[in-house]
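Colleague: model the following, please.
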Amino acid sequence: MCDNIDGAVSNITIFCCAAINTALQGAPVQPEQLLNMQDDPFLHNTPEIIAETCIVAMTVISYILPRRKDLIPIFEETLAVNIDKILSQDNVLLRARLSLLLGYYADMLFSKQPVAFKKSMNFLFSSVGLESKREHVIALQSCDTLNTIVQDDDLMPRLAEMLSEIVQTINQLIT
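Modeller: As a prediction, this is how the structure comes out:
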């Protein structure tokens, strides 16, 4: 669809970002941001289902969205504003989907939002240690995502800076 229909990438991105903001923040949006689908049954699901579905849609278009410099700030801001809500959810599927999405977008996300970057990376690192049977899927997806991330030469300086800060904090706590 994105390859053959003009405006598909824009519509998917704007709709998904508006739907996530509406679901998780209760943020009012213009009807056109939701493609005038505000009465659609999909948007009357639980906030977690709406967010999870939109995160999957954004992951599916990860091959083309990075080329759209006009849409990246909208997507990035939506994730940054909602990162705490997404990570605080007890919804295993939502957190697993976020882990998957980060594998596709980590190199370009949160370059101007270091707090959101740290939260997302801390989420991945801490998720590796999840042992409950229920959360095993998050641990597996986070392992796969971290494997992708640590092989990205462009991302390594940001990760190294973050890890250096963590080491400094630990050293200060020890002394």
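Colleague: tell me the secondary structure of the one residue sitting closest to the centre of the chain, please.
Modeller: In the chain, the centroid-proximal residue (Cα atoms, centre = their mean) is residue 98; its distance is 4.8 Å. Assigned by DSSP: H, G, I helix; E, B strand; the rest coil, the conformation of residue 98 is helix.
Colleague: repeat that for residue 28.
Modeller: Criterion first, three-state DSSP; result for residue 28: coil.
Colleague: swap in residue 4?
Modeller: Per three-state DSSP, residue 4 ends up coil.
Colleague: where does the prediction get shaky in the protein?
Modeller: Filtered on pLDDT under 70, the chain yields no residues whatsoever.
Colleague: which element is residue 144 on?
Modeller: Using DSSP states H and E, residue 144 falls within helix 136-150.
Colleague: what residues of that helix count as buried?
Modeller: The neighbour-count check on helix 136-150 (16 or more other Cβ atoms under 10 Å) flags 137-139, 141-142, 145-146, 149 as buried. For glycine as for every other residue, the C-beta is placed from the backbone atoms N, C-alpha and C.
Colleague: ditto for stretch 56-76
Modeller: Buried residues in stretch 56-76, defined by neighbour count with 16+ other Cβ under 10 Å: 58-59, 61, 65-66, 71-72, 74-76.
Colleague: next one: it to chain centre, how far?
Modeller: Put simply, stretch 56-76 sits 11 Å off its chain's centre (Cα atoms, centre = their mean, to the nearest Å).
Colleague: first to last residue in that stretch, what's the distance?
Modeller: Distance across stretch 56-76, first residue to last, is 15 Å (Cα to Cα, to the nearest Å).
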